[in-house]
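when you get a sec, could you give me coordinates for this:
(2 chains)
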Amino acid sequence: MEKFSFVHTSDLHLDSRFKGISGINDQVGELLADATFSAYFSIIDYCIHHKVDFLLIAGDIYNAEDRSLRSQLKFLEGMKKLNKYGVQVYLVHGNHDPLSGWSAKLSFPPNVHVFGGSKVESKVFMKHNKPLAKIHGISFLNRSVTANLSKKFPIKNFIESLFEIGLLHCNVGNNMAHEPYAPCTLQDLDSHELDYWALGHIHAFKILQKEPWIVYSGCPQGINPKETGEKGVMHVEVENNKVNDCNWIPLHAVQWFINEISIEGYSTEQQLMDGIYQEIEKVRKKAEQRPAILRLVLNGRGPLFSSLTKKDFLEDLIEEIRSLEQDPAEMVWVENIVNKTGMSINKDHLKQQNDFIADLLKIFEQSKKDDELQTHLKEELSPLFNSPGGRKFISKLSSEEMNEIIEQAENFCLDYLPIGYSDNER
Amino acid sequence: MIFNEVYMDGFGTFNQFHIKKLHPGLTIILGNNEAGKSTIMNFIKRMLFGFPDKRSNLNLYPPLNGGRHGGRLMVSVDNEPYIIERYSEDKNALQVILQDGSIGSFAELHRLTGSINKEVYENIFAFGLDELQNFQTLNNDSIKEQLYSAGKGIGQFSLGDLQKEIDKQMGLLFKPSGSKPEINAMLKEINIFNQQIHEIEKDANRHEELNDELERTASAIKTSENERKKLMVQKHTYDQIKNTWEDWQKLKELQHELSQTKEYTEFPEDGLANLEKKQQEICSIEKTIEQFHQKNVKNEREKEKLFISPLLLEQKDSIYEIQKGLKQYEKAVIDLPRLESNLKNEKNGLNLCLQEIGEEWDLEKALSMDISFQNKDFIKQFQQKKLSLKEKNQNFHLELNAIEKEIYRLEDEIQEKKESLLDLSIEKKENETLKEKEKLLFQLKMNLVHLKENETELHRMIEREELVKLSSSSEKTLENKPLIMIFSGLIAVLSITMALIFFTRSDFLFGVLAFVAFFSSLGLMFMMRQKKSSNLEHKQSDADKIAISAEERIKNQQDKVDRLVTLLKENAKELRFHKIPEIEEVESYQHALQEELHQQKIAQELEITIAKLKKSLEKIYSDRDKIMQEIEKIEIEQNNADKEWQTFLTRHSLREKLLPDSVNEIFSNIRLIHEKKNTIDEYQDRIKQVKDCIKDFEARFFDLMEKMNKKVEKSMMIPDLEILSRELNETLKNYELFQKISSDQNEIKNELEQLKLNKEKIYQSLQDLIDGVHADGVEDFIQKGKSHERYQWLKEQISGIKNTIKRICGEHEAYEKFILQYPDTFEELTAKEIDLQHAIDHNEEQLNLLKTQEGKLLKEIEQIEKKEEGSALRLKKTVKESELQNLSRRWSSLVVAKTLMRKAIVLYEREKQPNVMKEAQKYFSLMTLGKYVNIFAPIDESKIYIEDEQHQRKEGNELSKGTAEQLYLSLRFGFIREFSKKSRPLPIIFDDVFVNFDPVRFDATCKAVKELADYHQILYFTCHSDTAEKLHKMDTDSLFIKLQ
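Numbering: from 1, shown residues only, chains lettered A, B, ... in the order given. Next comes the predicted model:
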């Protein structure tokens, strides 16, 4: 029996917009604009370099809604490159690039095999004129496929004695963090007894089951600050119809980090700076000579709270940290410093005083629970949120966010007011 | 804070005005109009809050009477002193001098004043009647804020400031109708991004459209190109027809002629050509034979013309040999006289050389002279040796002269020193004796000085003893005379009498003075008495003790003197004095002794010098002897050298006393003679060789001429030889030509025979050719041959033309198909061609249009595909959207902060009356003697209400002038009290604010002031002395200052 190998990837999201990112300069902008492409071409180069026989792409190659011609042209460029080296490509479309969605009129080279959306299709992989594997797959016809597509897949044909693969974009086990498209259970997939399920849709790498293998390769490039950690592809080697070796290979171009630093124990701004620099160096080491984008979350209570709430303090701090980054290859770009710190005061104690501060704190507390008061606050906010621009570009405040805002407002007032000043004090 | 001192350097009319002490409680400052009360009050305010702007309408109080505009305020806070100093030259030049001498500025001042602002201080703490009467002075935002902030638990913090800050920050973030705030600007920016992205998305659609169009265009191009291909094939065919038109026409003609021509199949191939060729060959052979005959005749004639001399041919080698020797012979004839002349010159030169070295020299002697290198070297060494010895000799003589001069100098110096020694003519004494004497003299002198001192001390002691005795007798005399006591008693009596008289007359002052005088005189008497008795007792016992010890000391001193005299006498004797000498004598003796010692020292030095000089002289004598010995040695060496030289001359038969240079010159001449002799020998050999050469050549020449039977003169040797050479050359040339002609003649003969044979053969083959076609002779053969050739030619031509056409259109079917397309006429072809060209042009036009279209489409597609800014734009938009979310949340938190704080303020103000009001109503009740009990100040109204005992409420402006002033004063007092609960109390300054108060309320107010003065320093300025006095009476601790 001949050996063969393949690479499994999904959710390339070429030319993604990196939702939720803020605070970048032109250099980082350029890096990010090219990040999904860089990761994609790393996959292409990896396939060529390791002489894999075929590449599986389990949907969401690009975002159809972005109508990015560049993403499709670049994708085609990669396919042509693989064709040159005789690497076959089997791909299905996902919820972000459904068959009915926009796509440029481009002709794929003959090595590219696209699965249709009306039924599960099966394509046989031949090596030296000998069939070695059979790939079953189905694309999303529309964006919102709510049917369990896995049920349409055939049961493994043990007579043919081929390595059989299921290629599907789906949400296994109703993962709430992702849209519930093509939902199915692990049992659904397992029941087909296929040798390998190459899944897409979930951006984090996860092996759901071994033998038979059910794998989410995850996306090769994190596309928003929350998609932290390494991203990559699965490289599978098959011998005698069985997975002989299986490795997950990190191929991301940029790595995202969200690290937290507590201000407790810091009494000076310099100490905070030192803490931040230490964190940055940790990230740099972890990123292993790849550019990293870091979002720092400051939390805890401490005397530095007051400094952190000063106007432009954080902006200046970020600016200073960024100015020290020189080498683009090993850059750790601090995208944002999120201030979730609090004052080092006992609010319960303050509430017990018979003064204005106590009244103020009580009103803040009440506003978190009182619907009428919240409605009033929302009315006050309406000049912005109900403005044409606000309606179009600013997301509505969730109740959780509203409470965060009330908390921030409370901290703002407390920071400004001379807390702990007794009337009897001279 | 308490004001301790005020120092005005230059302010208004004040110049270096200093109020050195202010009361920590109440200080009343009374002064008439223009006495400077307001000036002082304003000075204090300006020390605390600075000078107003020069452009303002306020009185600047320039220093009218000189001084620097400004001054100092000495204050104390928590019992620590501070100096606040300001001068108007520089508004920022505030100095707060701390206790430790360090200097602070605004921060320190703010700390001292509890960060109170100017407005509040001037309206609440330091005010005049104008401010008091105006409620608005209590109602501006700043004051109101301060009033209500009291009791909020936030100290002096201004909620208004916080609200303003929130408004400001909100305004910077977002304004519903603004464009500059961050959110507004960002929304605008995102809109622009959106538009740009929309444009890029349009590109995607356009890309699709373009691809469709490109597909259509490509299909049209393909169709058009196929059509074009067909047209071009047709065009090509027409071109081919056109190109072969003439061939086609000719083909048709040739085919026609062929059908008319007879073919002779037996006629040999190239028969006519063969016939012609053979006829031409025969003709050519006959022509050649004729040519050979003519050539034979010509050769015979030429042979006859040639002259050849057999004698010359025989002597050919001899002539060549003589010719070869001719050049050498000619050279020898020229060289001989020159060589002979040179020989003669050399011989003369040789004789001259011999004559130069002397008559006794002949050639043989000269040539036998040894002028080898050894002899020359000997001469050179002799010369160097002589020169070296001469130099040495000269050097030694120079050295000898110098030594002798040094000997003379040293001898003179020794003589001189000896004379100096004789001049000293001192008696030689033992140096140690002199030193001993010097020591004795020193001891004698020291003892003399001691004796003098001891004698003086002895005299002084004796005198003091006598004085002591005298003083004890005088004190005893004073004790018996109590004059002072009597005088004092008289004064005492007189004083008491006067005192009694003055008191009876009620003149207390003088009475008191008289009493003082009486007690003073009594005191004096008592003191005199006491002193006298104690002195007497002490002095008696002391005198006794002193008398005993003095006698002992005198006796000791006398002994000391006696011992010294004895010692001195011994010393004097040793130094041969007859008696104890005076110090001057001793010093004179010391001087003489010093002089003697000095002379002795000089003599010793001279003797040492002479000894040294003699030693040097002896060394120089020894050096002179050594040099003289060296000179003698050199002279001997010189003589030896001269002897060797004479021996050398004799050995070489040279004249005696010849100098080395002369010998060298003789040697040079002899070397020249050798050279000349060699040259003469060479010349003689050469002349011999030349003469032999001439002789040999002439012998050979004349021998040849004799063989040639020619008689020749010696002078004509060379011309004759030239003639002979020319003749030889001509004979040789003719002989060669003769040989060649003979050879040609033989060849021609052979050729002629061969030609005749060939001619016969050709005749035979010609006949065979004619017979082969059964022709009747050559003419018939030619006739038949021509017909045959024409037939063949026509066939070939037709085939050639066909091939030409086939090469163009193709073989077989293609050819058959092609020839069918030939039209009947050329005009018909031209017409068809024009039609086709039109079709081609049209097709090309269409194709060009389509290709241009395709190019445009491809370019546009490429441009769209190259656009990569979409990614960056989408990313930028995302970034902006994220930032917008953040900003919107920040703005929201500010809105929430503002809204909720406003709610809290309202709630607080509604529910809790500020403590200021509570304090104020206490004072108001006091001032109005309990008539009004309550004060209200609603937060949302700029009004104040009061309530009387019957709970009847009145507004501030409904009150009488005096009561309203009392109300506003109470409010100020309330504020001051409340303020000082949270901050350091500040001094209060009133400027005549009680003028409208009735006496009863005034008294009540004074009580309130007194109460306030327990906690605060108060400066009350007034021009009313009644007010001042009343206040002073009310608070007796107060300080009263009257301004002049």
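
show me chain A divided up by domain.
Per the record, chain A has its domains at A:4-250, A:255-416, by automatic domain parsing.

could those be laid out in CSV, adding mean pLDDT?
Formatted as CSV, the domains of chain A follow (pLDDT from 0 to 100):
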stretch, mean pLDDT
domain A:4-250, 92
domain A:255-416, 88
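
and residue 33, what does it touch?
In the absence of a named chain, this looks at chain A. Residues near residue A:33 by C-beta atoms under 8 Å, 6 or more residues apart in numbering or on different chains: A:15, B:868, B:871-872, B:875. In short, each C-beta sits where N, CA and C put it, glycine included.

switch to chain B, please.
Contacts of residue B:33 by C-beta under 8 Å, 6+ apart are residue B:1023.

for residue A:25, see how far away it is.
73 Å (C-beta to C-beta, to the nearest Å).

thinking again about what came up before, buried only: go through the contacts of residue A:33 for me.
A:15, B:868, B:871, B:875 (16 or more other C-beta atoms under 10 Å in any protein chain shown).

re the thing from before, residue A:97: which of the contacts of residue A:33 is nearest?
Distance to residue A:97, by C-beta to C-beta, is smallest for residue A:15 among the contacts of residue A:33, at 11.3 Å.

outline the domain layout of chain B.
Split by automatic domain parsing, chain B gives B:271-314+B:718-772, B:316-369+B:658-665+B:672-707, B:373-425+B:588-651, B:431-581.

relative to chain A, which of the ones you listed is closest?
Chain A lies closest to domain B:431-581 among the domains of chain B, at 55.3 Å (C-beta to the nearest C-beta).

one step back: ok, which pair from the buried ones among the contacts of residue A:33 is furthest apart?
Longest distance between any two of the buried ones among the contacts of residue A:33 is 11.5 Å, between B:868 and B:875; criterion C-beta to C-beta.

next structured bit after the host helix or strand of residue B:300?
Here residue B:300 sits within helix B:271-305, counting by DSSP states H and E. Where DSSP H and E defines the elements, the next helix or strand beyond helix B:271-305 is helix B:310-314.

list the buried residues of that next one.
residue B:312.

next helix or strand past that helix?
Next along from helix B:310-314, by DSSP H and E: helix B:316-357.

centre of the chain to that next one, how far?
Remark: helix B:316-357 is offset 89 Å from the chain centroid, using C-alpha atoms, centre = their mean, to the nearest Å.

quick check, nearest of the contacts of residue A:33 to residue A:330?
Lowest distance from residue A:330 to these (C-beta to C-beta) belongs to residue B:875, with 21.8 Å.

I'd guessed residue B:231 sits against residue B:840; true?
Yes: applying C-beta atoms under 8 Å, one finds residue B:231 in contact with residue B:840, separated by 4.8 Å.

which of these two has more neighbours?
Comparing residue B:231 with residue B:840 by other C-beta atoms under 10 Å in any protein chain shown, the one with more neighbours is residue B:231, at 19 against 16.

what's near enough to touch the more buried one?
B:836, B:839-840, B:843.

for the stretch 201-350 of chain A, which residues are neighbours of chain B?
The stretch 201-350 of chain A comes close to chain B at residues residue A:311, as judged by C-beta under 8 Å from any C-beta of the partner chain.

about what we covered before: what is the helix holding residue B:300 packed up against?
Helices and strands touching helix B:271-305, as assessed by 3 or more C-beta pairs under 8 Å, 6 or more residues apart in numbering or on different chains; DSSP states H and E, comprise helix B:717-772, helix B:777-809.

need phi/psi at the residue in the stretch 201-350 of chain A positioned nearest to chain B.
Shortest the stretch 201-350 of chain A-to-chain B distance, computed as C-beta to the nearest C-beta: residue-wise this is residue A:311, at 7.2 Å. Residue A:311 adopts backbone torsions of phi -60, psi 130, taken as degrees, to the nearest 10.

show the pLDDT at the nearest residue to it once chain neighbours are set aside.
Leaving aside its chain neighbours, residue A:311 sits nearest to residue B:169 (7.2 Å; criterion: C-beta to C-beta, 6 or more residues apart in numbering or on different chains). Looking at residue B:169, its pLDDT reads 90.

which residue ranges of chain B form strands?
Assigned by DSSP state E, the strands in chain B fall at B:2-11, B:14-19, B:26-30, B:70-77, B:80-87, B:95-97, B:103-104, B:126-128, B:932-936, B:945-948, B:953-955, B:988-991, B:1018-1022, B:1039-1042.

average pLDDT for the helix holding residue B:300?
Summarised as a single mean, pLDDT over helix B:271-305 is 88.

again, but for stretch B:209-217
89.

likewise stretch B:229-247?
89.

residues contacting residue A:330?
Taking C-beta under 8 Å, 6+ apart as the test, what residue A:330 contacts is A:284, A:287, A:289-291.

sorry, back to before: dump the strands of chain B into JSON lines; add distance to residue B:296 as well.
Formatted as JSON lines, the strands of chain B follow (distance: least, C-beta to C-beta, whole Å):
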{"stretch": "strand B:2-11", "distance to residue B:296": "163"}
{"stretch": "strand B:14-19", "distance to residue B:296": "168"}
{"stretch": "strand B:26-30", "distance to residue B:296": "179"}
{"stretch": "strand B:70-77", "distance to residue B:296": "159"}
{"stretch": "strand B:80-87", "distance to residue B:296": "156"}
{"stretch": "strand B:95-97", "distance to residue B:296": "155"}
{"stretch": "strand B:103-104", "distance to residue B:296": "154"}
{"stretch": "strand B:126-128", "distance to residue B:296": "170"}
{"stretch": "strand B:932-936", "distance to residue B:296": "177"}
{"stretch": "strand B:945-948", "distance to residue B:296": "179"}
{"stretch": "strand B:953-955", "distance to residue B:296": "179"}
{"stretch": "strand B:988-991", "distance to residue B:296": "173"}
{"stretch": "strand B:1018-1022", "distance to residue B:296": "175"}
{"stretch": "strand B:1039-1042", "distance to residue B:296": "181"}
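
now for those, which one comes closest to chain A?
Of all the strands of chain B, strand B:70-77 comes closest under C-beta to the nearest C-beta, at 12.1 Å.

what helices or strands is the closest one leaning on?
strand B:2-11, helix B:37-49, strand B:80-87.

show me what contacts the closest residue to residue B:20 other than its chain neighbours?
Among residues not flanking residue B:20 along the chain, residue B:5 sits closest, at 5.6 Å (C-beta to C-beta, 6+ apart). By C-beta under 8 Å, 6+ apart, the contact list for residue B:5 reads B:18-22, B:72-74.
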